[in-house]
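K.L.:
Fold the following for me, if possible:
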Amino acid sequence: MAVGVDIEDISRFKDKSEAFIQRVFTSAEAEYCKKFLKPESHFAVRFCAKEAVIKALTALDITEVQLNDIEVFHNENQCPQIRILKKLDKTVNFQLSLSHDRSKAIAFVIAEEQ
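P.N.:
This next block holds a predicted model:
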């Protein structure tokens, strides 16, 4: 088992270029975030999740995953989940918690190798 956490200033994600969004986020993530009045909050918290996942995976000696290989989505109960979009040599299950307020976004991830 490994953990990862990341915290970011939401202001860093205001008015990001489309090139940055396409480089870091999946099209489904971008579509989800852009439907909100303040999309920067949702981009920031997803970025935190991706960074936290990379930290947890690195602790499990999985180092080939990039930001755009990770997708944050909501399951049928509207709980945030992680999907790895590339084939890994190991099976990993994730638990994810996201939060944001007016100025900060944070994500906490637990990764368990199966």
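
K.L.:
where do the helices sit along the chain?
P.N.:
For the chain, the helices defined by DSSP state H occupy 18-24, 27-34, 39-59.

K.L.:
Can you give me the buried ones in the longest one?
P.N.:
In terms of neighbour count (16 or more other Cβ atoms under 10 Å), helix 39-59 has its buried residues at 39-57. Glycine gets a C-beta too; all of them are placed from N, C-alpha and C.

K.L.:
distance of the closest residue to Glu51 other than its chain neighbours from Thr91?
P.N.:
Closest residue to Glu51 in three dimensions, ignoring its sequence neighbours and counting by Cβ to Cβ, 6 or more residues apart in numbering: Asp6, at 3.8 Å. Using Cβ to Cβ, to the nearest Å, Asp6 is found at 23 Å from Thr91.

K.L.:
So between these two, which is more surrounded?
P.N.:
In terms of neighbours (other Cβ atoms under 10 Å), Asp6 is the more surrounded of Asp6 and Thr91; the figures are 20 against 9.

K.L.:
The more buried one pairs with what?
P.N.:
With DSSP bridges applied, Asp6 shows beta-bridge pairing to Ala107.
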